[in-house]
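Enquirer: Make a model of this:
(one chain, ligands or ions: 1)
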Amino acid sequence: MTCNVKIQLLHPDAMPVKAHKGDACFDVIAVGMEVTDDYIEYSLGFKTEMPEGWQGLFYPRSSISKYGLALCNSVGVIDAGYRGEWKARFRKTAKEVDVPVRGMVDFPVYKKELSIDHSNIYPKFERIGQIQFQRVPTVTFEQVETLEQSERGAGGFGSTNLLNHV
Ligand SMILES: O=c1ccn([C@H]2C[C@H](O)[C@@H](COP(=O)(O)OP(=O)(O)OP(=O)(O)O)O2)c(=O)[nH]1
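Expert: Residues are numbered from 1 along each chain as shown. Next up, the predicted model:
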């Protein structure tokens, strides 16, 4: 299945590329970066026009674990009708560090504190994520009073594991 996506580049290096033949996603780079108190917004340097019935998805790369960042929305959903520049917002993450307790110089005692490394973020022009295009199925809702019984029933949130240990 081929999807022809029209792409308008706002920066000459912004074209999404597959690093290897057969990769699931195209890597994208940040061409701009705006740091606010709440998040870091990277601009990806392109706009798209995809056929109706398709969507674009922005996923983090697995190597994000090397950075102190997490994608704010877990997955970015880009609508077919969106004509703005693709953007990705990340939040800085904190990690636990050992901090010496004041006044304990001879026998240092440490306590755990959450700390943010403000420099451990994607710099501009780094590959900051990966994108994919998917079909959006046509879905209609049929409102009913009751639903068919099923094997799972209303069990969720780990209910399968609980049943296995009874
Ligand atoms: O990570 C993202 C998520 C969204 N968008 C753009 C494309 C998308 O089509 C539009 C709206 O996104 P979404 O529907 O997720 O946002 P919303 O919070 O529901 O706001 P809106 O009222 O704009 O729909 O914003 C991005 O550039 N990056």
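Enquirer: Under the pLDDT cut-off, which ranges of this protein? List them.
Expert: Within the chain, the segments meeting pLDDT under 70 span 104-105, 163-166.
Enquirer: What segments of it are helices?
Expert: 159-164 (DSSP state H).
Enquirer: and it, which of its residues are near the ligand?
Expert: Residues of the chain lying near the ligand by C-beta under 6 Å from any ligand atom: 58, 73, 76-79, 82, 86-88. The way it works is simple: take the backbone N, C-alpha and C, and place the C-beta from them, glycine included.
Enquirer: I would like the residues contacting stretch 110-121, please.
Expert: Residues outside stretch 110-121 that contact it (C-beta atoms under 8 Å, 6 or more residues apart in numbering): 40, 67-69, 90, 92-101.
Enquirer: and with 10 Å instead?
Expert: 33, 35, 40, 42, 66-69, 90-102, 104, 128 (C-beta atoms under 10 Å, 6 or more residues apart in numbering).
Enquirer: how about the nearest residue to L9 once chain neighbours are set aside, what does it touch?
Expert: Spatially, and ignoring its direct neighbours in sequence, L9 is nearest to F46 (5.3 Å; C-beta to C-beta, 6 or more residues apart in numbering). For F46, the contacting residues are 5, 7-11, 14-16, 28, 31, 85-86, 131, by C-beta under 10 Å, 6+ apart.
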